[in-house]
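S.K.: let's see this in three dimensions:
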Amino acid sequence: MKAFAAKAPGLENCGYMDLPEPKPQNGEVLVKLDASALNHLDLWIARGHPSYKTQYPRVLGSDGAGILEETGARVALFSSTFCGKCDACLRGLTSSCDVTTTLGAQRDGTHAEYVSVPKPNAVPTTLDPQKAGSLSVAAVTAYHMLKRAELKAGQSVLVWGAASSVGSYAIQIAKHLECKVITTASTEKKGHAEKRFGVPVIDYKTEDVSERVRELTQGRGVDVVVELVGPATWNASMPSVRKGGAIVTCGAVSGPDVVVPLRWLYSNQIRFIGSKQGTLEEFKQVIRWAEEGAIEPVIESTYPLSEAKKAFQQLSEGKGFGKIVLTR
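M.R.: Presented below is the predicted three-dimensional model:
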């Protein structure tokens, strides 16, 4: 089969190549892929990342959709595996499973003509393959963050990065949950974000984000801040949250370390919440929402699998708005 894979760490070691078709093991199914979407995780694995124990060569890609070979059913693929037995799994934190694996990281992924996955990970759907193949990582991550923060109807939320995949889904899910949403975008993308989502958009390049959040919330701040970036945005996130509110984070794109003033933390009774990916049941829920039209993947561009190198270059430049999809 044809696949886009990394022979060793480094983008220069990635390419479109011929590889053996995967053979399903016990409890697995073979899926003929129609589409797969890129995530920043793909770049981390391609370059080599200390947080992911990856053996090379590795077929990249975590998101995907296609046809179940044994039945012909159309399916969307959940990106993670879990044991269901460890302490984390028993408490519903399957993405922190002791033996979790992720497509495109610890096992071969979706930027290929075929992939083998555990049977529960292939979820039936009526969605178009490009949309179905754009949900697993970003949409589930966004939904899991909002659930971890216990966001409720009528509350307010600041979502960093309207142009990012996780940000775009967090905005849509929060709106669907009947919450007031404020988001951020660069000067170049602000107008697009306002038109696409219909919520207040703060230009983080030219405006004081926390000051604008306070203006938009009559001085209170938001109930929840959805943090995706880390140190580059942290000092604006803290004064944007109201007393008793929460900051939920899923990433450290701009670095791993932030400073938290403890007196401010306990005096204002702020909750800091870590969130990682999400659960299979949450994946099924975002699929239902997408099928109902409550949320919609924002697809920036598509490339044939044979031009995956160009897609990765676009992702690394960070100039797009939404998902980049590889088609078959």
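
S.K.: skipping adjacent residues, who's closest to residue 136 in space?
M.R.: Leaving aside its sequence neighbours, residue 136 sits nearest to residue 79 (Cβ to Cβ, 6 or more residues apart in numbering; 4.3 Å). For glycine as for every other residue, the C-beta is placed from the backbone atoms N, C-alpha and C.

S.K.: count of neighbours near that neighbour?
M.R.: Around residue 79 sit 28 other residues, with neighbours defined as other Cβ atoms under 10 Å.

S.K.: ok, now the one 10 residues further on?
M.R.: Residues lying near residue 89 (other Cβ under 10 Å) number 19.

S.K.: mind listing the strands for the stretch 101-250 of the chain?
M.R.: 101-102, 114-118, 122-124, 156-159, 180-185, 201-203, 222-227, 241-249 (DSSP state E, counting those that start in this stretch).

S.K.: ranking these by burial, who's on top?
M.R.: strand 156-159 (a mean of 28; mean count of other Cβ atoms under 10 Å).

S.K.: counting by contacts, list what that strand packs against.
M.R.: Under the contact definition 3 or more Cβ pairs under 8 Å, 6 or more residues apart in numbering; DSSP states H and E, strand 156-159 sits against helix 165-176, strand 180-185, strand 222-227.

S.K.: and the second one, which strands flank it?
M.R.: For strand 180-185, the paired strands and their directions (DSSP bridges) are strand 156-159 (parallel), strand 201-203 (parallel).

S.K.: and that strand with helix 165-176, angle?
M.R.: Comparing the axes of strand 180-185 and helix 165-176 via axes from the mean of the first three to the mean of the last three Cα atoms, to 10 degrees yields an angle of 160 degrees.

S.K.: which residues sit against strand 180-185?
M.R.: 154-163, 167, 171, 174-175, 192-193, 197, 199-204, 209, 212-213, 216-217, 222 (Cβ atoms under 8 Å, 6 or more residues apart in numbering).

S.K.: which among these end up buried?
M.R.: Buried subset of those (neighbour count, 16 or more other Cβ atoms under 10 Å): 155-163, 167, 171, 174-175, 192-193, 197, 199-204, 209, 212-213, 216-217, 222.

S.K.: nearest residue to the residue nearest the centre of the chain in space, please, no chain neighbours.
M.R.: A centroid search over the chain (Cα atoms, centre = their mean) returns residue 138, at 1.9 Å, as the residue closest to the centre. Nearest residue to residue 138, sequence neighbours excluded (Cβ to Cβ, 6+ apart): residue 165, at 3.6 Å.

S.K.: OK, contacts around the one you found?
M.R.: By Cβ under 8 Å, 6+ apart, the neighbours of residue 165 are 39, 134, 137, 138, 139, 298, 322, 323.

S.K.: of the residues you listed, which is the most crowded?
M.R.: Neighbour tally across the contacts of residue 165 (other Cβ under 10 Å): the maximum, 32 neighbours, falls on residue 134.

S.K.: shouldn't that residue be in contact with residue 325?
M.R.: Yes - proximity of residue 134 to residue 325 meets the contact threshold set by Cβ atoms under 8 Å, at 6.3 Å.

S.K.: shared neighbours of those two, which are they?
M.R.: Common contacts of residue 134 and residue 325 (Cβ under 8 Å, 6+ apart): 35, 37, 299.

S.K.: what's the closest of those residues to residue 305?
M.R.: residue 35 (9.3 Å; Cβ to Cβ).

S.K.: what sits against that closest one?
M.R.: Applying Cβ under 8 Å, 6+ apart, the residues near residue 35 are 64, 65, 66, 129, 130, 132, 133, 134, 325, 326, 327, 328.

S.K.: what's the most distant pair in these?
M.R.: 134 and 328 (14.6 Å).

S.K.: rewinding a little: mind putting the helices and strands packed on strand 156-159 in TSV, mean pLDDT and distance to residue 290 included?
M.R.: Formatted as TSV, the helices and strands packed on strand 156-159 follow (pLDDT from 0 to 100; distance: least, Cβ to Cβ, whole Å):
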stretch	mean pLDDT	distance to residue 290
helix 165-176	97	10
strand 180-185	98	18
strand 222-227	98	19
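
S.K.: rebuild these as TSV, extending it with distance to residue 93.
M.R.: Shown next, in TSV, are the helices and strands packed on strand 156-159 (distance: least, Cβ to Cβ, whole Å):
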stretch	distance to residue 93
helix 165-176	18
strand 180-185	26
strand 222-227	19
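
S.K.: and the closest residue in space to residue 231 that isn't next to it in sequence, what helix or strand is that in?
M.R.: Nearest residue to residue 231 in three dimensions, chain neighbours excluded: residue 255, at 4.5 Å (Cβ to Cβ, 6+ apart). Following DSSP states H and E, there is no helix or strand that holds residue 255.

S.K.: so residue 255 touches residue 233, yeah?
M.R.: No - counting by Cβ under 8 Å, residue 255 does not reach residue 233; the two are 10.9 Å apart.

S.K.: so what secondary structure elements neighbour the helix or strand harbouring residue 311?
M.R.: Here residue 311 sits within helix 308-317, counting by DSSP H and E. In terms of contacts (3+ Cβ pairs under 8 Å, 6+ apart), helix 308-317 is packed against strand 14-18, helix 40-47, strand 299-304, strand 323-327.
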